[in-house]
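Engineer: everything below, folded, please.
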Amino acid sequence: MTIGDLLEPGAVALRASAPGKRQVLSMVADIASRVLGVDPDVALDGLIEREAAGSTGVGEGVAIPHARVDGLDRVRAVVVRLDTPVAFDALDDKPVDLLVALFAPHDGNAQHLRALARVARMMRQPELRSALRQARSADAIHVLLTDQPASTAA
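Structural biologist: Model (predicted):
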């Protein structure tokens with residue numbers, strides 16, 4: 001399985017814009033609501049609650065916000081590329097422009113942790129981050145994330 005397998009059509013937003021972290025998380029929750037059918041308020045509350053425990057900004061302009069929500073049968077992802085990076089309290093203090101948000105069912109702990117580890121490994125690759133930043137379409141992002149080698153994606 002690759003991260004692309006967790007993405008539904010429409011779960012990738014390019015050229016997105018938000019003035020701050022909370023607004024970015026709200027945008028992610030709205031996309032999750034529209035594409036995954038989850039309650040946007042519940043999704044946002046879950047993302048904010050997780051951020052309160054510690055920033056999901058992992059460095060190099062990447063954040064991996066995640067939350068558990070009702071109504072899902074497996075882990076799902078939302079990808080957002082911001083036009084202008086926003087402060088995210090990241091580990092390296094760099095602003096974030098790439099987000100891979102994960103939403104998991106409440107009873108999917110092992111699946112959630114595997115997906116989180118997989119995304120973190122993938123997003124450590126400078127070539128992939130660069131390609132995601134240069135991609136011209138949501139389809140191109142999906143292909144980039146789907147075509148990752150098994151050793152990287154597994």
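Engineer: what number of residues lie near the nearest residue to D30 once chain neighbours are set aside?
Structural biologist: Spatial nearest neighbour of D30, excluding adjacent residues (CB to CB, 6 or more residues apart in numbering): P40 at 5.5 Å. (Each C-beta comes from the backbone N, C-alpha and C, glycine too.) Applying other CB atoms under 10 Å, we find 15 residues neighbouring P40.
Engineer: for P40, list the residues it contacts.
Structural biologist: By CB atoms under 8 Å, 6 or more residues apart in numbering, the residues touching P40 are 29-30, 32-33.
Engineer: repeat that for 7 Å
Structural biologist: Neighbour list for P40: 29-30, 33 [criterion: CB atoms under 7 Å, 6 or more residues apart in numbering].
Engineer: ok, of these, which one's closest to A16?
Structural biologist: Ranked by distance to A16 (CB to CB), the contacts of P40 are led by D30 at 10.7 Å.
Engineer: can you tell me the helix or strand for the closest one?
Structural biologist: In the assignment (DSSP states H and E), D30 maps to helix 21-36.
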